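Undergrad: need the 3D shape of this:
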Amino acid sequence: MHLVQLREEVGTGPAAVQAAQKGALVRLLTCGSVDDGKSTLIGRLLWDGAGVTEDQRAAVTLASHNRAVNGEKIDFSLLLDGLQAEREQGITIDIAWRYFETQDRRFIIIDSPGHEQYTRNMATGASHADIAILLVDARHGAKRQTRRHAAICNLVGIKKVVLAVNKMDAVNWSEARYREIERDFRVMAGSFSFAQVTTIPVAALTGDNVVYRSAAMPWYAGPTLLDYLEAVDPEAEQEDAPFRMPVQLVLRAAGDFRGYAGTVTSGRIGVGERIVDARSGLGATLRRIATMDGDLASASKGDAVTLVLDTDLDISRGAVLSEVPRRPINADVIEARLVWLSEAPFDPEAGYLLRTATDLTPVTSMSVSALVDFETLASAPAHACNVNDIADCRILLGRAAAIDLFSDLPLTGNFVLVSAIDGATVAGGVITWAQAGAPEVGDNVLVLDRALLARGLCADLGDSPADLAEFNRRAQEVAVLLRSVGVPVLIEI
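TA: Below you'll find the model as predicted:
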């Protein structure tokens, strides 16, 4: 369900290895505006929930006494603020990862920064998460950055959100204030596709309703934060999802062994079933499912396997193996919603590459059509975007790529956009619409070239960046309309 290319896979550290041996993890993201108390909340959760060792308690207690922050005995945020700059400024800059377990569950907590300057770090953390804990300060309610973080959670496919109304002690434990914030947030959440929204009033510094139920808020009858986290089902994938496995590597060994290695991103497949390379349409029967621990009879989501087929297919890294009936779309035009991560603004003349799970596809042209307004959460027409903007765009690919819509299969429906010059990540997004690829040029294919468009539909446009973006947008719109009525079209601009 995530922008998987934005991240290095969690699972290389000792804690993650230990958790993998014991069972699946629940990944929690904490987000919200700066100073709303995210690090303090998670520090308190760890402190009261047996996630802190005795030597850590002693170190944090000593550091708290030395700092004397707000006159409090313990500064719980010190459990998360790992950088010197974070401790000096009292804010989270980088993502903090903490593993802990209770009697019932195992967790990885992803504490993300709240400051707008570090939104890209928050987006990276969100790409890992199963559940988001969105904090608001009870004194101020939802801020612009709160809405931005909610929009990013929605963008990356997080379906379950906890609104933690923090600092209830600062509003004298007011139920009326809590209900007002809860009501406003549920109205805001109506703009998104969250499957479940839960609200909990908390006070992180005092620990009320974090691990232990608050005596100061007898009007609240719901779960504490830890009670909710131990009970919630984080699974969001649809039942009976179609099989997908992006090929990471083609393996050859002595004899006639040839296998296609990768990780199953959705569905399941069994020995004897037919599979197909989505891009070429070449099919074969699955003869073996090989792993380091021996062969399997079937493989399902999350399994890292090597598939051995009864026929050698001429495919390589970047191919997507799928079941025969429900295949990905071989798309050369996509519409997407993305978060712009680069300090350099979107440039329609720059070269970009679209990176999916294992594929890298050149972008022929790209245009922005709208930006999310973080005051109203509505889309406003636009042709440019800058760092931290969430934009709707249309992308024309240099060749067809095997993809899915994000709403159907998140792990094969997301992408990152990288610079063709230096490979730096400039944006991460999800695919909302896709057009099947155009055929090769031939007698029956209409070619829309620059000269043809400049003489007619785009005759009123100049050479400015805005006009060039509009030129590309019009060309793509015409191609989509013609293809929808059966006219093969190729754009060469």
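
Undergrad: helices of the stretch 151-300 of the chain, start to end?
TA: Listed in chain order, the helices of the stretch 151-300 of the chain (DSSP state H, counting those that start in this stretch) span 175-189, 225-231.

Undergrad: again with the stretch 1-150 of the chain
TA: 14-22, 38-48, 54-67, 84-89, 119-126, 144-155.

Undergrad: repeat that for the stretch 351-493 of the chain.
TA: Using DSSP H, counting those that start in this stretch, helices in the stretch 351-493 of the chain cover 450-455, 465-484.

Undergrad: lowest-confidence stretch among these?
TA: For the helices of the stretch 351-493 of the chain, mean pLDDT drops lowest on helix 465-484, to a mean of 77.

Undergrad: now do that one: distance to the chain's middle.
TA: 28 Å (CA atoms, centre = their mean, to the nearest Å).

Undergrad: can you give me the buried ones in that helix?
TA: 468-476, 478-479, 483 (16 or more other CB atoms under 10 Å). All C-beta spots, glycine's among them, are computed from the backbone N, C-alpha and C.

Undergrad: so what pLDDT did residue 114 get?
TA: Listed pLDDT for residue 114 reads 62.

Undergrad: ah, wrong one, I meant residue 257
TA: The predicted local confidence for residue 257 is 83.

Undergrad: try residue 46
TA: Residue 46 is given a pLDDT of 82.

Undergrad: cool, and residue 229?
TA: pLDDT, residue 229: 90.

Undergrad: neighbours around it, how many?
TA: When counting by other CB atoms under 10 Å, one arrives at 22 neighbours for residue 229.

Undergrad: tell me how far it lies from residue 162.
TA: 8 Å (CB to CB, to the nearest Å).

Undergrad: list residues touching both of the two?
TA: residue 131 (CB atoms under 8 Å, 6 or more residues apart in numbering).

Undergrad: in this structure residue 204 contacts residue 36, no?
TA: No: the criterion here is CB atoms under 8 Å, and residue 204 misses it with residue 36 at 9.5 Å.

Undergrad: anything in contact with each of the two?
TA: In contact with both residue 204 and residue 36: 166-167, using CB under 8 Å, 6+ apart.

Undergrad: find me the pLDDT at the nearest residue to residue 379 once chain neighbours are set aside, would you?
TA: Closest residue to residue 379 apart from its sequence neighbours, by CB to CB, 6 or more residues apart in numbering: residue 370 at 4.0 Å. pLDDT recorded at residue 370 is 92.

Undergrad: pull the number of nearby residues for residue 370.
TA: By other CB under 10 Å, 17 other residues sit near residue 370.

Undergrad: can you tell me how far it sits from residue 390?
TA: 9 Å.

Undergrad: next one: residue 132
TA: Residue 132 is 16 Å from residue 390, by CB to CB.

Undergrad: so, low pLDDT: which residues of the stretch 351-493 of the chain?
TA: Counting by pLDDT under 70, the stretch 351-493 of the chain contains low-confidence ranges at 437-445, 484, 486, 490-493.

Undergrad: same deal with the stretch 151-300 of the chain?
TA: 236-239.

Undergrad: please enumerate the strands of it.
TA: Using DSSP state E, counting those that start in this stretch, the strands of the stretch 151-300 of the chain run over 160-166, 196-201, 244-252, 258-263, 268-270, 274-277, 283-290, 298-300.

Undergrad: most neighbours per residue, which of the ones you listed?
TA: Counting by mean count of other CB atoms under 10 Å, strand 160-166 has the highest mean neighbour count of the strands of the stretch 151-300 of the chain, with a mean of 24.

Undergrad: what lies in contact with that one?
TA: Applying CB under 8 Å, 6+ apart, the set of residues contacting strand 160-166 is 36-37, 41, 130-138, 150, 153, 178, 181-182, 185, 189, 194-204, 225, 228, 232, 234, 236.

Undergrad: that strand pairs with which strands?
TA: Strand 160-166 has its sheet partners listed here by DSSP bridges as strand 131-137 (parallel), strand 196-201 (parallel).

Undergrad: next one: that strand to chain centre, how far?
TA: Distance, centroid of strand 160-166 to centroid of chain: 19 Å (CA atoms, centre = their mean).

Undergrad: what angle sits between it and helix 38-48?
TA: 90 degrees (axes from the mean of the first three to the mean of the last three CA atoms, to 10 degrees).

Undergrad: and residue 328, how far from residue 289?
TA: When distance is defined by CB to CB, residue 328 is 21 Å away from residue 289.

Undergrad: so what are the domain limits for the chain?
TA: Following automatic domain parsing, the chain resolves into domains at 4-231, 244-323, 329-492.

Undergrad: chain neighbours aside, what residue packs nearest to residue 279?
TA: residue 402 (4.8 Å).

Undergrad: right, and the one you found touches residue 276 too?
TA: No: judged on CB under 8 Å, residue 402 makes no contact with residue 276 at a distance of 10.3 Å.

Undergrad: follow-up on the earlier one: ok now do the residue nearest to residue 279, which residues does it touch?
TA: 278-279, 319-320, 322, 327-330, 359, 412.

Undergrad: buried members of those residues into PyMOL, please.
TA: Only the buried members of the contacts of residue 402 enter the following PyMOL selection, criterion being 16+ other CB under 10 Å:
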select buried, resi 278+279+319+320+322+327+328+329+330+359+412
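
Undergrad: list just the nearest of the contacts of residue 402 to residue 167.
TA: Comparing the contacts of residue 402 against residue 167 with CB to CB places residue 412 closest, at 41.0 Å.

Undergrad: list the contacts of the closest one.
TA: Taking CB under 8 Å, 6+ apart, one finds 244, 246, 265-266, 320, 328, 356-357, 402-404 in contact with residue 412.

Undergrad: what does residue 26 give?
TA: 105-108, 130-131, 229, 232, 234.

Undergrad: now the buried members of these.
TA: The buried subset of those - by 16+ other CB under 10 Å - is 105-108, 130-131, 229, 232, 234.

Undergrad: adding distance to residue 348 as columns, could you present those in JSON lines?
TA: JSON lines is the format used below for these (distance: CB to CB, whole Å):
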{"residue": "105", "distance to residue 348": "47"}
{"residue": "106", "distance to residue 348": "46"}
{"residue": "107", "distance to residue 348": "43"}
{"residue": "108", "distance to residue 348": "39"}
{"residue": "130", "distance to residue 348": "36"}
{"residue": "131", "distance to residue 348": "37"}
{"residue": "229", "distance to residue 348": "44"}
{"residue": "232", "distance to residue 348": "43"}
{"residue": "234", "distance to residue 348": "39"}
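
Undergrad: between those, which is closest to residue 295?
TA: residue 106 (29.1 Å).

Undergrad: pLDDT score for the closest one?
TA: At residue 106, pLDDT is 87.

Undergrad: that one against residue 25, yeah?
TA: Yes: the pair residue 106 and residue 25 passes the contact test of CB under 8 Å, sitting 5.3 Å apart.
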